[in-house]
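Trainee: Just need the structure, nothing else, for what follows:
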Amino acid sequence: MNILKLIRPLNLLLIAFMQVALKFGLFLPFEAATTLTTSQFTLLVMATLCIAAGGNVINDIYDVAIDRINKPSKVLVGTKVSENTANRWYLILTTAGVGIGFYLANSIEKPGFAALFVIIAALLYLYASYIKAMLLAGNVLISALVAMSILIVGLFELLPAIVPENQASQWVIFKILLDFAMFAFVLNLIREIVKDLQDINGDKKGEINSLAIALGRKRATTIVFVLGVFTMCGIIYYMYVNLYSSQLVIGYFLLFIIGPLLYFCTKAWSAATEKDYTKLSWLLKVIMFFGIGSMLLYRFVPIA
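Mentor: Residues are numbered from 1 along each chain as shown. Predicted coordinates for the structure are as follows:
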């Protein structure tokens, strides 16, 4: 049970839901040419989850001193799970993820794709051990890797299946994929800054140069508010340009994405305490969930 907590199962389920929604909510309804069989797609999801879980474990190993200040009741490594056990699980999960990715890349005759899993695993280790302490670099890297968990589905499913006859239609689907990846990147970047605001005390002790520490809590909170407003405006523009023909999808976006984002912005404007930032972080996770869920409605949107 403690190992399960260490890998953050809710975050992993969100990644799995995101990848499954892409294949069955986007690719199949639009009859995109895909590469992976169901079993191969399952391997892609497993590889992604194993590497992400390993990244969560190594991050907790390096964050023990910081977590003892920020969330002492939730520290697992060194209390409920020994550091040796945690390191062992990191190696098992990461090796399994890279191994599955290597097998999958070779099974679709794209051996070069195996490098993606090695690079992602290496970046997660570098994030935990070094990059996290750099101003904004860690936030941007983790957000990019979240976006990559979307793009990697397109790279494995759509890219190898492109032929001259379907190039235009494949690009239309891949463009939607890019839109979702950008949404995930921006939303996760905001959440990373919010988490830094939430963990400012421990980060100071751990010599983490977060935006909250570099600029101060008030200015960093203002940046979160501004990013939230820009994100909301960007999604409204996206709705106007791409989703105007489907009232169902427009209604979903207004109710489950724009509405919560507006609420987020109003709360971010006045946020000042750790409790406030905790609520903002959870709210962003809920918005991310509903954003992913919108993939299931794209079948009702006519695309060129």
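Trainee: ranges for the helices of the stretch 201-304 of the chain?
Mentor: 211-215, 217-242, 247-253, 259-270, 274-293 (DSSP state H, counting those that start in this stretch).
Trainee: the inter-axis angle of the fourth one versus helix 217-242?
Mentor: Our comparison of helix 259-270 with helix 217-242, counting by axes from the mean of the first three to the mean of the last three CA atoms, to 10 degrees, yields an angle of 160 degrees.
Trainee: give me the element the residue nearest the centre of the chain is part of.
Mentor: The geometric centre of the chain, computed from its C-alpha atoms, lies nearest to residue 146 (CA atoms, centre = their mean), at 3.0 Å. Assessed by DSSP states H and E, residue 146 sits inside helix 137-157.
Trainee: Please give me every residue in contact with residue 270.
Mentor: Counting by CB atoms under 8 Å, 6 or more residues apart in numbering, residue 270 touches residue 276. Heads up, the C-betas are built off the backbone N, CA and C, glycines and all.
Trainee: ok, now how distant is it from residue 276?
Mentor: Here the criterion is CB to CB, to the nearest Å. By it, residue 270 lies 8 Å from residue 276.
Trainee: any idea what sits nearest the residue nearest to the centre of the chain, other than its immediate chain neighbours?
Mentor: Spatial nearest neighbour of residue 146, excluding adjacent residues (CB to CB, 6 or more residues apart in numbering): residue 188 at 4.5 Å.
Trainee: Show the contacting residues for the one you found.
Mentor: 142-143, 146-147, 284, 288.
Trainee: Helix, strand or coil: sort out the residue sitting furthest away from the middle of the chain for me.
Mentor: For the chain, the largest distance from the centre (CA atoms, centre = their mean) belongs to residue 165, which lies 33.0 Å off. When classified by DSSP: H, G, I helix; E, B strand; the rest coil, residue 165 comes out as coil.
Trainee: Phi first, then psi, for it.
Mentor: When read as degrees, to the nearest 10, the backbone of residue 165 gives phi -70, psi -30.
Trainee: Show me how far the helix holding residue 146 is from its chain's centre.
Mentor: 7 Å (CA atoms, centre = their mean, to the nearest Å).
Trainee: now the angle from it to helix 274-293?
Mentor: Angle of helix 137-157 versus helix 274-293, following the same axes, to 10 degrees, is 20 degrees.
Trainee: Return the distance of the helix or strand that helix 137-157 is followed by from the chain's centre.
Mentor: Using DSSP H and E, the helix or strand that follows helix 137-157 towards the C-terminus is helix 167-198. Offset of helix 167-198 from its chain centre (CA atoms, centre = their mean): 8 Å.
Trainee: Just the CA coordinates for stretch 136-148, please, in CSV.
Mentor: Provided in CSV are the C-alpha atoms of stretch 136-148 (Å, rounded to 0.1, in the frame of the first residue of the first chain):
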residue,chain,number,x,y,z
LEU,A,136,11.3,27.7,-14.0
ALA,A,137,13.4,25.0,-15.8
GLY,A,138,11.9,22.2,-13.7
ASN,A,139,8.4,23.5,-14.1
VAL,A,140,8.8,23.7,-17.9
LEU,A,141,10.4,20.3,-18.2
ILE,A,142,7.7,18.5,-16.2
SER,A,143,5.0,20.3,-18.2
ALA,A,144,6.7,19.3,-21.4
LEU,A,145,6.8,15.7,-20.3
VAL,A,146,3.1,15.8,-19.5
ALA,A,147,2.5,17.1,-23.0
MET,A,148,4.8,14.4,-24.4
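Trainee: which residues are contacting that stretch?
Mentor: By CB under 8 Å, 6+ apart, the residues outside stretch 136-148 that reach it are 120, 123-124, 127, 131-132, 181-182, 184-186, 188-189, 192-193, 196, 210-211.
Trainee: tell me which residues of it are tucked away?
Mentor: Residues 138-139, 141-148 are the ones in stretch 136-148 that count as buried (16 or more other CB atoms under 10 Å).
Trainee: Tabulate those residues in a markdown table, adding columns for distance to residue 109.
Mentor: As requested, these are exported to a markdown table (distance: CB to CB, whole Å):
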| residue | distance to residue 109 |
| --- | --- |
| 138 | 36 |
| 139 | 37 |
| 141 | 30 |
| 142 | 31 |
| 143 | 32 |
| 144 | 27 |
| 145 | 26 |
| 146 | 28 |
| 147 | 26 |
| 148 | 22 |
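Trainee: And the pLDDT at residue 70?
Mentor: Per-residue confidence (pLDDT) for residue 70: 80.
Trainee: That one: neighbouring residues, count only.
Mentor: Using other CB atoms under 10 Å, residue 70 has 19 other residues around it.
Trainee: now do the one 3 residues further on
Mentor: Residues contacting residue 73 under the criterion other CB under 10 Å number 6.
Trainee: Check the gap between it and residue 67 for me.
Mentor: Residue 73 sits 10 Å away from residue 67, going by CB to CB.
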